[in-house]
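S.K.: I'd like to go over a predicted model; first the sequence, then the structure.
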Amino acid sequence: IWLVRYRNHILPTMEVWPEGYGWKKWFDEAETKFKARPDDLYIASFPKSGHHWSFEFVNMLYQGNAHSVNKSKLNNFFELRTIKEIEDMPSPRILLTHLPYDLMPRDIFEKNCKIIYIMRNPKDVCVSQFHHVSGIAEYKYDGDWDHFFKVFLKGEVDYGPWFKHVKDWWKLRQEYDHMMYVHYEELKKCLPAQIKRIAEFINKTHDEQMYLNIANACTFEAMKKNAQFKELPGIFKTKEGSFFRKGQVGDWKNTFTVAQNEEFDKAFKREMEDCDIQFTFD
Ligand code: A3P
């Protein structure tokens with residue numbers, strides 16, 4: 001109901017654009033009019049992999065301080081803005097995207113733009129996406145967990161299938177030098193070291209103390225408390241709805257049944273056979 005098929009991918013149809021805009025127009029303009037800039041930074045991920053989190057600390061690295069970013073992630077959401085709005089953004093632009101690799105406008109690669117791809121183990125992604133889709137009113141989704149589990153494995157969720165999204169972006173490292181891959185679980189394990197690694201990649205290095213300060217400002221608790229992030233309060237069905245739910249590694253164990261776990265492992269093995277990424281599931 002909330003999804004549309006576009007060139008073998010499933011995209012959400014939430015009405016975020018102005019009147020007269022939609023995926024077709026967005027992609028037409030992205031392919032014919034959009035001009036990437038060499039100093040653009042793209043933060044790409046499958047939904048629920050740590051996008052808000054990365055946006056916060058990357059902005060702090062750009063700012064050179066640990067002050068929370070005073071803007072909504074949605075302002076910088078590549079495919080949810082019109083191409084004209086993106087053109088009007090001042091440089092350097094930090095653009096967030098969930099687009100699968102093959103739907104990204106080619107000019108980005110021609111201009112050698114840097115791209116950070118954030119990944120998270122798919123069991124936690126699946127549970128997180130279930131809560132996201134169930135919690136946001138506009139999705140009008142009232143399926144239960146068992147139903148969502150099945151559609152996730154079939155790939156019939158926003159930007160699905162997860163397997164193809166991750167594999168295609170991962171393959172890119174062999175032919176494109178301006179990629180960096182970041183695991184959600186590594187961010188959880190040692191945030192200051194990961195922030196430093198990212199700072200080096202984007203040429204925004206600071207002293208060690210700054211990485212610690214930024215990491216402290218970007219804990220789950222700090223970000224959940226932060227008023228700026230209570231963006232779009234009307235979009236959730238209940239007042240407890242939030243983009244900051246639990247922020248843990250291994251939370252899937254509270255939701256998956258034993259049988260679901262076995263089914264998921266089988267699908268993972270089959271789908272990821274030709275892919276050497278290692279995920280941490282707990
Ligand atoms: P959960 O639903 O498992 O809690 P995205 O921003 O890509 O939509 O990802 C959302 C997921 O990242 C949610 O996962 C959210 O709680 C988690 N998250 C957001 N900020 C975080 C932080 N500072 N530390 C850890 N996890 C965070």
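M.R.: That came in fine, so what should we check first? Numbers count the residues shown, from 1 in each chain.
S.K.: and the residue nearest the centre of the chain?
M.R.: Nearest to the geometric centre of the chain sits S45, at 3.5 Å (C-alpha atoms, centre = their mean).
S.K.: beta partners for it?
M.R.: Assessed by DSSP bridges, S45 has beta-bridge partners I118.
S.K.: all helices of the chain, in order?
M.R.: In the chain, the helices defined using DSSP state H lie at 23-32, 51-63, 83-87, 107-110, 122-135, 145-154, 162-171, 184-189, 191-201, 208-217, 220-225, 258-271.
S.K.: quick revisit: gap between the residue nearest to the centre of the chain and V125?
M.R.: Distance of S45 to V125, computed by C-beta to C-beta, to the nearest Å: 9 Å. Heads up, the C-betas are built off the backbone N, CA and C, glycines and all.
S.K.: for A193, which non-adjacent residue is spatially closest?
M.R.: Nearest non-adjacent residue to A193, counting by C-beta to C-beta, 6 or more residues apart in numbering: Y211, 7.8 Å away.
S.K.: need the residues of the stretch 51-200 of the chain near the ligand, please.
M.R.: Within the stretch 51-200 of the chain, the positions adjacent to the ligand are H51, H52, W53, D124, S128, H131 by C-beta under 6 Å from any ligand atom.
S.K.: let's go with 5 Å and repeat that
M.R.: Counting by C-beta under 5 Å from any ligand atom, the positions of the stretch 51-200 of the chain adjacent to the ligand are H51, H52, W53, S128.
S.K.: returning to what we had before: shouldn't the residue nearest to the centre of the chain be in contact with L99?
M.R.: No: contact criterion C-beta atoms under 8 Å: S45 and L99 do not qualify, at 10.1 Å.
S.K.: I202: what's it in contact with?
M.R.: The neighbourhood of I202, defined by C-beta atoms under 8 Å, 6 or more residues apart in numbering, consists of L41, V58, L61, K114, I116.
S.K.: A215 is in contact with A222, correct?
M.R.: No: here A222 does not reach A215: they are 9.7 Å apart, not a contact under C-beta under 8 Å.
S.K.: higher neighbour count, those two?
M.R.: For A222 versus A215, the count of surrounding residues by other C-beta atoms under 10 Å is larger for A215: 21 against 15.
S.K.: hang on, that one packs against I195?
M.R.: Yes: counting by C-beta under 8 Å, I195 is a contact partner of A215 at 5.8 Å.
S.K.: so where's the stretch 151-282 of the chain uncertain?
M.R.: Within the stretch 151-282 of the chain, the ranges that satisfy pLDDT under 70 run 227-233.
S.K.: what residue in it comes nearest to the ligand?
M.R.: G247 (3.0 Å; C-beta to the nearest ligand atom).
S.K.: now that residue, nearest residue through space, not along the chain?
M.R.: Spatial nearest neighbour of G247, chain neighbours left out: F220 (3.5 Å); criterion: C-beta to C-beta, 6+ apart.
S.K.: with Q63 instead?
M.R.: Once flanking residues are discounted, Q63 sits nearest to V69: 7.8 Å by C-beta to C-beta, 6+ apart.
S.K.: and what of H51?
M.R.: Closest residue to H51 apart from its sequence neighbours, by C-beta to C-beta, 6+ apart: S45 at 5.3 Å.
S.K.: check G234 too.
M.R.: In space, G234 comes closest to A137 once its chain neighbours are excluded; the distance is 7.8 Å by C-beta to C-beta, 6+ apart.
S.K.: report the two of the contacts of I202 separated the most.
M.R.: Farthest-apart pair in those is L61 and K114; separation 12.5 Å (C-beta to C-beta).
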